[in-house]
Every structure is written in C-alpha cells, then in structure tokens.
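> Model the structure of this input:
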Amino acid sequence: MHGWSLEAGARVVPNECNERLTVPLVVQRASTTLTQLPSMALYEFTDDTKLVRVEPQKFSDLMILERPHLQRALREAIDAITPGVITMVLTEEFGDWKDASRRIDLLCLDSDAHLVVVELKRTESAGHADLQALRYAAMVAPMTFDQAVTAHAKYLGAVGQDPTTAENSIRTFLDQESGSVAFKTEVRIVLAAGDFDPEITTSVLWLNSMGLDIRCVQMQPHLVGTRRILDIKQLIPLPEAAQYQVAIREKSREQVAAQEGAYRDFTKFDLLVDSISYSRLPKRRFIYHIVKAAIDRGMTPEGVAACVPWRTMAAMFLTVSGDLTSAKFVEANADADIRRWFADDSELFHSGGHTYALTKMWGEHTEKAVKAILEALHDKQGITYAVSIGA
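As a prediction, the model looks like this:
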C-alpha cells in the first residue's frame, strides 16, 4: 500500500517515489500482521543517511475530522482504499431507505458491477463498523440501475458537477453503453479506520470465509514536518492472499452461474505495455491499448484492420480526413452513435493525414484479435498480458 499526503483542503495525494530528494525521503517497512502486534513503523531517511522513526499520530491530534476532511479527501481518491479494484464513487451520505436514519459514508461501484459500501472510522478501534456495514449492505443490495443513476445525479449536483451526466458516467465506467444494466447480487464492503480491534478482524475473516467480500484498510496518520501523511495499508485480506481468495470465490460463483445458464463473459485482462501496467481491463479497453501500442510502434490502422479479417475496416474504425480534435471528429460523424467509438482527444489515432476512432463493440473474439495483432507486430517487446485472476 502507499503513503498518502493529506493536503490542505482535504486532498489525498500519493507520495511518488521518483521525486528528486530535495526533502527527506519517507520510507515504510511493510507490515505482515493483522493487528495487536507491534506495528511496523514509518522512518524518515535523512540527508545524513540515518533512519529516524516517525511516530504515528491520532486523527484527532492532527485536527482531521471524519466527514469534512477524511471522507471528502477519500471520495476524490477512492483508489487509495480500494487497491487493485477499479472503483467509482456513486454518492456519499446515502440513506434513501424507509424508516432508517443512518447513512452510508461512501457508496461506490466497482468495474465488475458490484455495489461497494465504504464505512469510515477515524478511531483506533473502528467499533462496530463491521455490523454497521453489514446492515448497510443488506439495505442497499436491492438498488436498481435507475436508483443508482438518481443517487449519482444528486451527488454530482452536490459537488458542483453536471447531474445530467450521471447515467452516461455509470455506463461508461461499466463499459455497458447500451441495453439494460444489472448490478451483481453481492455487495462488497470496505472498512477503513485508524486501526481495528481483534473482534472486528476475527469477524471479518470468518465472514469472508462464508463468501462475503470485506476488506479492512488501516489508515494511520503521521506528521512529517508540516506534512500530514496517511500510511494506508490493507490488513484483510493480506495483499499476497487477496488474489487467491478472489479467484476461489469467483470460481464458485461462475460454477453456479454456468449451472443456471446465466453466465456472461466478464473476462478481464492485466496488460503491461512498456512498463505501464493496466489491471482488470474489460475487453474493449484491453484491445484499445493493444491497438494503441501497435500504432505507436508504426502499424497503420489499415494494417491493424487487416489482422482481423472477420471485421471490415469500416466496422473497426471511423475515419475522417485531416488531423482533427475530438469535437471536430464528432461533428464530422454526426450520424454515428459516437458512444460506440473511442473518440475522446486522448483516444483518437492520427495517421497518414487522417483521424481514426476505434470501435468499442467487441465480442467473444477479442482475444483472438489481440493475438493476431501481436503476431503481425514486428516489435512486440514490452507488451505482455494475462487473464486477470478472478476475471
């Protein structure tokens, strides 16, 4: 897990390891315990090559409040407490159910269409957070797509963004830009706190063994000079065991779904391109990055299309003459459903005096197309991929 800076204005900022050492470097020794054992400390690596222990603080000592500071910061950097799982925030302080006064701190959605209940505690015990989160998960489990859109629209309006983009934002995130959307039955839970009592960790371990997906994430504040640093690490499941546990859980679910004839191909891919890693990519994002890597290495869009003979060039790429911006490209394709194409400025391809947008519509032959493109690519060094564990 990472060290994160809590800046003024309640922003969580990752501490990059490649910054020039104009200030003392903060280093962390990894923890291998769950709780109630001597904690592994943060140390400051000083200019005179000494390690100086940075003592942990309490959120209250650093004047960090739960809702206006911690929650506000994490909603803008939710990946800080959801490592390895692509997650978006649907809403905060959610409580749209009858005869209930309590509210979910952050209600999120992951890229596999699971609702995610995030319960935050700035205390060192996280008292009863597990029971609260279980109640919230049960209450929110029946949420429909339309209800999620309504909740997200309210949230966007509250944070100063356009509420009319709510549905498109969710569809784009889930890579389901048309048709009906159904959330998974299982609701995931993330408990994030200063620390956890043994009663909570024991309960969570047992609940996970029963098929639930609950994560305990420790957020330990430190003060380094005038900088407030959060040492964030996942305690349960241990990072080295997380993928195995997910794989076992997903295998069981897929077997049940296949037996019921209800299984859809939600395969995800892990991709590495020139030292840049992409985790759990849906099929359309997976092939987009492969096509981009091929074009960056000199292959033309026409050459890419030739690798996929079961698709026509027109079915793979929208093409317009000239070097166009996204706005001009969309204007030139007014009759097309542009949502079905990678047409943002950062996604368009420019080659031979033309602008190209790759289709998002990929089916069961996606990996076959990827293999064909890589086979035709002369310089494929630095490109590797694998099916995500638990995909």
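> From here on, just use CA atoms for contacts and neighbour counts.
Will do.
> so how far is residue 41 from the nearest residue to residue 361 once chain neighbours are set aside?
Among residues not flanking residue 361 along the chain, residue 340 sits closest, at 6.6 Å (C-alpha to C-alpha, 6 or more residues apart in numbering). As for residue 340, its distance to residue 41 is 49 Å (criterion: C-alpha to C-alpha, to the nearest Å).
> sorry, back to before: wait, the residue nearest to residue 361 touches residue 357, no?
No: between residue 340 and residue 357 there is no contact under C-alpha atoms under 8 Å: 9.6 Å.
> quick one: which of those two has more around it?
Between residue 340 and residue 357, counting by other C-alpha atoms under 10 Å, residue 357 is the more crowded of the two (25 against 15).
> For the helix or strand hosting residue 231, buried residues please.
For residue 231, the host element (DSSP states H and E) is strand 227-236. Across strand 227-236, burial judged by 16 or more other C-alpha atoms under 10 Å covers 228, 229, 230, 231, 232, 233, 234, 235, 236.
> quick one: it to chain centroid distance?
Here strand 227-236 is found 18 Å from its chain centre; the criterion is C-alpha atoms, centre = their mean, to the nearest Å.
> Extract the C-alpha set from it and format it as CSV.
Output in CSV follows, covering the C-alpha atoms of strand 227-236 (Å, rounded to 0.1, in the frame of the first residue of the first chain):
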residue,chain,number,x,y,z
ARG,A,227,3.0,17.4,6.1
ARG,A,228,0.3,15.1,7.3
ILE,A,229,0.9,11.7,5.9
LEU,A,230,-1.5,8.8,5.8
ASP,A,231,0.1,5.3,5.9
ILE,A,232,-2.6,3.3,4.2
LYS,A,233,-2.4,-0.5,4.1
GLN,A,234,-4.8,-3.3,3.5
LEU,A,235,-4.9,-5.7,6.5
ILE,A,236,-7.6,-8.1,5.4
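> May I have the strands that pair with it, each with its orientation?
Strand 227-236 sits in its sheet next to strand 3-7 (antiparallel), strand 214-224 (antiparallel), going by DSSP bridges.
> and those strands, which one's lowest on average pLDDT?
Among the strands paired with strand 227-236, strand 3-7 has the lowest mean pLDDT, at a mean of 55.
> where does the protein dip in pLDDT?
Filtered on pLDDT under 70, the chain yields the residue ranges 1-40, 97-101, 123-127, 239-265, 390-391.
> Give me the phi and psi for residue 91.
With angles defined as degrees, to the nearest 10, residue 91 sits at phi -170, psi 170.
> What is the neighbour count of it?
Neighbours around residue 91, by other C-alpha under 10 Å: 24.
> As a quick check, tell me the outermost residue of this structure.
Distance from the C-alpha centroid of the chain peaks at residue 48, with 38.7 Å (C-alpha atoms, centre = their mean).
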